Structure formats: C-alpha cells, structure tokens
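Asker: fold the following.
(2 chains)
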2 protein chains.
Amino acid sequence: MSIRIGILGYGNLGRGVECALRQNPDMELKAVFTRRDPADVKILTQTAQVCHVDQAPQWTDRLDVMILCGGSATDLPVQTPQYAELFNVVDSFDTHAKIPEHFAHVDAAAKKGGKTAVISVGWDPGMFSLNRMYANAILPQGKDYTFWGRGVSQGHSDAIRRIAGVKDAKQYTIPVDSALAAVRAGENPELTTRQKHTRECFVVAEEGADLDRIETEIKTMPNYFADYDTTVHFISEEELKRDHSGIPHGGFVLRSGSTGWEQEHSHLIEYSLKLDSNPEFTASVIVAYARAAFRLSGEGAHGCKTVFDIAPAYLSAKSGEELRATLL
Amino acid sequence: MSIRIGILGYGNLGRGVECALRQNPDMELKAVFTRRDPADVKILTQTAQVCHVDQAPQWTDRLDVMILCGGSATDLPVQTPQYAELFNVVDSFDTHAKIPEHFAHVDAAAKKGGKTAVISVGWDPGMFSLNRMYANAILPQGKDYTFWGRGVSQGHSDAIRRIAGVKDAKQYTIPVDSALAAVRAGENPELTTRQKHTRECFVVAEEGADLDRIETEIKTMPNYFADYDTTVHFISEEELKRDHSGIPHGGFVLRSGSTGWEQEHSHLIEYSLKLDSNPEFTASVIVAYARAAFRLSGEGAHGCKTVFDIAPAYLSAKSGEELRATLL
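Answerer: Presented below is the predicted three-dimensional model:
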C-alpha cells in the first residue's frame, strides 16, 4: 500500500511536490487543499481531489503525511503547529533565525497529537545544513563557507519592482568566482556575505521612465543592493519573458579544515547544487522526508524533527539490504 | 565524562585516529592495541597506554568504543565480528562487494554481545556513499557518477614495485577533466571507470635497469594499467621522497537528475573531497562515528549499523538545540 499524501497550498512548491510524487511509486497524492475556491484550482494528478483547506481535518484517517507548502513569513508559523496535531507533516520553513522557536511550537503540537513533524526541509535549510553539519563533525578544526547562486532571489526581484517606473524585474545572486577560488585553494579567507556575492538585475522599465534614476535607486537601496557590486541591465518585456522566466538556483557549501597532530594536513569538503528549478528541487527533498516522516511515525518517533535527526536510510524507498549492496 | 576510546592497530589509520581524537575534547584515547611488542610501539598521546592485542578482552569495562584500524583484506573480516561481541566498534571495511556478508557477521556478533558496531566508515565507503544515497532519494530520476582522485592508489603503487628493476614507485589516479565536465554539463554520458580516470606513475628504477621494458610492463599490465591512459615518469629517489611522500586523495560524487511533470528541469548535485591525507581524513570520519556508536549503544540500539542508519546529529558533539541554532 502506498503512502497517502496531502498537499496544503498549491503554488510553485505545491506543484513541485505533485511532480515529485509522480517519480516515487511508493507514494500517492490523495488531495490538494487550497484557500481558494477548489473549483478554480486545476491540478495535474487526475486521481487526486482538490478540497478547501477547511475540509482538511476530515482527512486525518485518509492521509499518512500532509505536506505544507505555504510561505515561511506568515503561513507556516501558524499552519505547521496547527496541522502537526492532526497529521504527520513536513514543511520547508526557511527563516533561519526563527527555527528554534518554530521547532518548539511544532514539537509541542506534534507530541500532543501523537504525530511526526519534519520542519525546515529543502536545500537551505536542508541539504546545505546537512552538509555543514557532517563537515563540522568530521573536521572540528576548520572554517565554513556557504555561497548562494547563481539563482533568482524573489525578495530582491520584488524590491526592484516596487521602484517607480519599473514594470518587471528579475534579480540574480551570483557567487564571486575569486572568493570561491580562494576558499578552494585553502586560503581560509574572512569573507562577508557581501564579499562572496554580486547582484545582477534585469529590469523592464515603463515607457519614458528615467533609466538613470532607476539604476541609481537600485544600486543605492540599503540592505538589498547598496553594499554589493550590482549590475543593472534594462531589457524588453519579451526578453525578460524569453530569457528570465525560470527559477534557477543553487550554491556551494564548503568546509576547509585541517588534521594531523600539529594540524599539518589540509582538507576541503565541497557540496554544490545547480538547480534548474528551485521549487521543484525543494519539493523533491520534501517528498523524500515525507517518506521518513511516515516511517518514523509508524515507529512511534513522534514530535518535531529536522534533517539532523533523521537517519539517511529513512529517505529511501530501498531496503537496508538494497542500500548496502548498491550504494555503500 | 569523556568517551573512552581504544585503537586496535597502529599504522597510518590508527595514528590518524589518534590525531583526530586530539581535536575532539569529548573523547579520550585510553589505549592502543598492537600485534607488535608494545615496547616497540611509540604513540603520540602521553596519557594513553600501549598494550598487546591479546590484552584487549581485559579492557571491556574501561573502553566505550574500540576503533578497529586493520586492513580490509584479512584483518577486519576476522577482527570486527570478534571485537563487536566485546566492545562497541567502528571499522573502515572497504571491500564494497563483501559489505553485505561482513554486515551479517558483525550484526550477529554485536547483537550477541549487546554492542553497537558501525562498519565501512570513511569516505568511500562512507561520505561518498551517504552522498550517493541522499542524492538518489532526492532525485529518483537520474544518473550517478563517482570519480576518484587525484590521489595515491596503494594497490597500483605496489603493483609497479613488483616489476623487476623497480626500486620504488607511486601511482596517482586522476579524474579525466573532460568526462567530469560532460557530467557537470548535464550530458549524462555513459562512462566506464576507465573512461573516467587516467593513471600517472612516478617510478624510481634501479641503476642500469631497462627503462623501456619497465614502462612497457607497466602500461600493458592487465587490470591495473592496460586499459587506462597511463603515463610513466622516471624520477630519482630524492625526487620521489621530496614530491611524492604524501598520501593525498579525494574525488567527486555527482548525480544528474530531472524533475517536473515531464522531466523538464535538470539538476546537478555534486560532492567532492580534496584531501591532503587520506588516512587522517578517514580517521576523522571514523572518530565522528565512534561518538555515534557510543550514543546509540547507550540507547540500546545494538547490532551492526552503516552510515545510512545513523542520524547525522549523533556525529556531532553539539546538542540538538545548538545544531538547530547554528547549522540548520
């Protein structure tokens, strides 16, 4: 019998989860829950239902895991504790500074409901966190580096769109090659986020808008761009649509460390992702952890978990024997 | 109270474990066990004892984990089951094809003794296996690639040394850049181990030896070199000592996969290691898993485990709260 999955929230991430489930034959999408009128939401999976979110509590016996695809700013802080009392859940809560607080709320709710909740699943937090943690445990003497990109930053793109005279915009965060090279060379440089990244902006201006003013407003915008090496390209709406409609992302996690009685040997651990679709990759990680949530719940391991707390084998559809024979 | 560690076998790996323990203040080396005369074995840790291996059974109450640093060919198949009945153990058994058999023997012994054994720890098997497994679980549709090197292959170096007229030799396995580039470009090439690697040999010949014959013997040696693009350099003994006395290694694990309803998006996951000292890095991984073995044993999780079965947090000296606040 397959693992029965619900999706709560059907945006880019929810649709990504739907696609990922199609690649995992041991799991089945049963229902998508939406705040919109279900009649207006068209999904891809013909065998699944679309329901209003208010109906979710009636599905507790029909779903093994509810995957929460809302946003971290306002949705998940409320939804994850709420649904963790009713379902095994997985979320992608990514406000790093608020993870401890979110963990506490979700843990209390999941324990109350006798459910398993996995929070902050994706690639950062998620796979990047795992790689930081493994590398730190292996090389206690060393330095961590995380570079993001080349990828689209939604928040920075939105900030540009709010400037008068801007019709549309897309912003890419780009790692600085020379900084990455210095880390790889074992130079252990001290680097701020700003020294590690540049920002490239593709802007569609309204007709007759003052391009110089827009460019200056972007480049001097505090927090977002002022301290970065920022490039602005004005392009047509057609070009934006043709060349910049994807949501690529990725990045690098490195740890440079030393071993030996006198720290005489250097080592570099590097993990990187190059993603065509940020939400689809995030969704793929989430789906693997939904399998883990289902299994952990079956073993009575209730409460809130993160990627740090879950043995890798729980993510795989393969048995321990198969994993040892093929991937070890 | 710190975790009390024993090391069985004091070669490059055993010494690497000793160095790694120095970087982990929650662990303490108590004793090194050797088949040699203990009086002849000088260790670096002044507070630890050197004992004959026959004394090991007398240490069951004085050690939390025994780290087995023997070889995979003949030592570990016997030693790991033997000591897993008496101690929590970690080994670095790396004969991939025989892992299922080794697992079964060690599992039976550890369960009989009520101990926790972790086998096949290091980087391949070990960290590379973990990365293959995570990447497979996340991207079920895709292709795996493992490249080894640039690094010293002990077996190939030994094979050269057995040729008449060869005084000493060091062989490096080197990934083929163009093959790696094709994988990174998402071309999903079909590549054999031979197409992925070249072999570079540094040979010290005896005086008056026929260099052409030696070079031919190397390049035509079945299994080891015949099917590879092999380069032979004759150098002096001094050069070998000066430039090739290290034991570097490393490599790359990649998974190229696709997501989307029609597999329309591509992704690349890459993990790589660049190691100055193969045995010291392997030892560093082993020490982190020794911490895990100790904790799992305390929880009653007995029997044989691999890296797939152990939640990442068990490897770290930090608490769950600290990990969530700093590395997630």
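
Asker: any chance you could map the strands in the stretch 1-150 of chain A?
Answerer: A:3-8, A:27-34, A:49-52, A:65-68, A:89-90, A:116-118, A:142-148 (DSSP state E, counting those that start in this stretch).

Asker: of all those strands, which lies closest to B:S120?
Answerer: Closest of those to B:S120 is strand A:142-148, at 24.1 Å (criterion: Cβ to Cβ). For the C-beta atoms, the positions are set from N, CA and C on the backbone; glycine is no exception.

Asker: does whatever helix or strand comes next after the closest one reach chain B?
Answerer: Following strand A:142-148 in sequence order, the next helix or strand is strand A:151-152 (DSSP states H and E). No - if you take Cβ under 8 Å from any Cβ of the partner chain as the test, strand A:151-152 misses chain B, and the best it gets is 12.3 Å.

Asker: what helices or strands is the one helix or strand A:S284 maps to leaning on?
Answerer: Using DSSP H and E, A:S284 sits in helix A:278-298. Packing contacts for helix A:278-298, counted by 3 or more Cβ pairs under 8 Å, 6 or more residues apart in numbering or on different chains; DSSP states H and E, involve strand A:3-8, helix A:12-22, strand A:27-34, strand A:65-68, strand A:89-90, strand A:116-118, helix B:127-138, strand B:249-259.

Asker: can you list the residues of the stretch 151-300 of chain A near chain B?
Answerer: Residues of the stretch 151-300 of chain A lying close to chain B (Cβ under 8 Å from any Cβ) are A:184, A:259-261, A:265-277, A:280-281, A:283-285, A:288, A:291.

Asker: ok, now the stretch 1-150 of chain A?
Answerer: Neighbours of chain B within the stretch 1-150 of chain A, by Cβ under 8 Å from any Cβ: A:16, A:18-20, A:22-24, A:44, A:96, A:99-100, A:103, A:120, A:125, A:127, A:129-134, A:136-141.

Asker: of these, keep whichever come out buried.
Answerer: Burial by neighbour count, judged by 16 or more other Cβ atoms under 10 Å in any protein chain shown, picks out A:16, A:18-20, A:22-24, A:96, A:99, A:103, A:120, A:125, A:127, A:129-134, A:136-141 from these.

Asker: could you check how far A:K112 is from A:G303?
Answerer: Remark: distance between A:K112 and A:G303 (Cβ to Cβ, to the nearest Å) = 10 Å.

Asker: which residues does the worst-scoring helix or strand of chain A on mean pLDDT contact?
Answerer: Within chain A, no helix or strand scores below helix A:193-196, which has a mean of 90 by mean pLDDT, DSSP states H and E. Applying Cβ atoms under 8 Å, 6 or more residues apart in numbering or on different chains, the contact partners of helix A:193-196 are A:145, A:147, A:175-176, A:179-180, A:227-228.

Asker: take the residues you listed and keep only those in helices.
Answerer: Mapping these onto helices (DSSP state H) picks out A:179-180.

Asker: check which residues of stretch A:48-60 are buried.
Answerer: In stretch A:48-60, counting by 16+ other Cβ under 10 Å, buried: A:48-51, A:53, A:56, A:59.

Asker: quick check: A:C69 touching A:G14?
Answerer: Yes - assessed by Cβ atoms under 8 Å, A:C69 is found in contact with A:G14 at 3.9 Å.

Asker: hey, what's in contact with both of these two?
Answerer: A:7-8.

Asker: the two: who's more crowded?
Answerer: Taking neighbours as other Cβ atoms under 10 Å in any protein chain shown, A:C69 and A:G14 compare with A:C69 leading, 29 against 23.

Asker: for the more buried one, give its distance to chain B.
Answerer: 15 Å (Cβ to the nearest Cβ, to the nearest Å).

Asker: helix or strand next in line after the least confident helix or strand of chain A, which one?
Answerer: Using DSSP H and E, the next helix or strand after helix A:193-196 towards the C-terminus is strand A:197-205.

Asker: name the surrounding residues that touch that next one.
Answerer: Defining contact as Cβ under 8 Å, 6+ apart, one finds that strand A:197-205 is touched by A:147-149, A:153, A:156, A:160, A:165-176, A:211, A:214, A:218, A:225, A:228-237, A:239-240, A:243-244.

Asker: which of those count as buried?
Answerer: Buried subset of the contacts of strand A:197-205 (neighbour count, 16+ other Cβ under 10 Å): A:147-149, A:153, A:156, A:160, A:166, A:168-176, A:214, A:218, A:225, A:228, A:230, A:232, A:234-235, A:240, A:244.

Asker: next step: those residues restricted to strands.
Answerer: Using DSSP state E, the subset of the buried ones among the contacts of strand A:197-205 located in strands is A:147-148, A:166, A:168-175, A:230, A:232, A:234.

Asker: can you give me the end-to-end span of stretch A:298-315?
Answerer: Terminal residues of stretch A:298-315 are spaced 14 Å apart (Cα to Cα, to the nearest Å).

Asker: okay, buried residues for that stretch please.
Answerer: For stretch A:298-315, the neighbour count (16+ other Cβ under 10 Å) marks A:302-315 as buried.

Asker: quick check: A:L21 touching A:R4?
Answerer: No - look at A:L21 against A:R4 with Cβ under 8 Å: they stay out of range, at 10.6 Å.

Asker: list the contacts of A:L296.
Answerer: Residues in contact with A:L296, defined by Cβ under 8 Å, 6+ apart, are A:116, A:305, A:310, A:314.

Asker: can you tell me which of those residues is closest to chain B?
Answerer: Lowest distance from chain B to the contacts of A:L296 (Cβ to the nearest Cβ) belongs to A:I310, with 5.6 Å.

Asker: what residues are up against the closest one?
Answerer: The neighbours of A:I310, taking Cβ under 8 Å, 6+ apart as the test, are A:118, A:289, A:292, A:296, B:311-312.

Asker: could you redo the last one with a cut-off of 10 Å?
Answerer: A:116, A:118, A:121, A:130, A:288-289, A:292-293, A:295-296, A:301, B:311-313 (Cβ atoms under 10 Å, 6 or more residues apart in numbering or on different chains).

Asker: so how many other residues sit close to A:K115?
Answerer: Using other Cβ under 10 Å, A:K115 is surrounded by 25 other residues.

Asker: gap between the closest residue to it other than its chain neighbours and A:K318?
Answerer: Using Cβ to Cβ, 6 or more residues apart in numbering or on different chains and skipping the chain neighbours, the partner closest in space to A:K115 is A:N88 (5.1 Å). In this view, A:N88 and A:K318 are 21 Å apart by Cβ to Cβ.

Asker: compare the two (neighbour count), which wins?
Answerer: The residue with more neighbours, out of A:N88 and A:K318, is A:N88; 28 against 17, by other Cβ under 10 Å.

Asker: got the phi and psi for that one?
Answerer: Backbone torsions for A:N88, taken as degrees, to the nearest 10, come to phi -70, psi 130.

Asker: contact partners for it?
Answerer: Contacts here follow Cβ under 10 Å, 6+ apart; on that basis A:N88 touches A:3, A:63-67, A:110, A:113-118, A:290, A:292-298, A:302.

Asker: give me the buried entries from these.
Answerer: Looks like the contacts of A:N88 have A:3, A:63-67, A:110, A:113, A:115-118, A:290, A:292-297, A:302 buried, using 16+ other Cβ under 10 Å.

Asker: residue closest to the middle of chain A?
Answerer: Centrality entry for chain A: nearest residue to the mean C-alpha point is A:G122, 3.8 Å, by Cα atoms, centre = their mean.

Asker: tell me the contacts of that residue?
Answerer: Contacts of A:G122 (Cβ under 10 Å, 6+ apart): A:13, A:90-94, A:128-129, A:278-279, A:281-286, A:289, A:307.

Asker: of those, grab the buried ones for PyMOL.
Answerer: Remark: buried members of the contacts of A:G122, expressed as a PyMOL selection using 16+ other Cβ under 10 Å:
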select buried, chain A and resi 13+90+91+92+93+94+128+129+278+279+281+282+283+284+285+286+289+307
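
Asker: A:H156 touches A:Y224, doesn't it?
Answerer: Yes - using Cβ atoms under 10 Å, A:H156 makes contact with A:Y224 at a distance of 5.7 Å.

Asker: what sits in contact with each of these two?
Answerer: Common neighbours of A:H156 and A:Y224, using Cβ under 10 Å, 6+ apart, are A:171, A:199, A:218, A:230.
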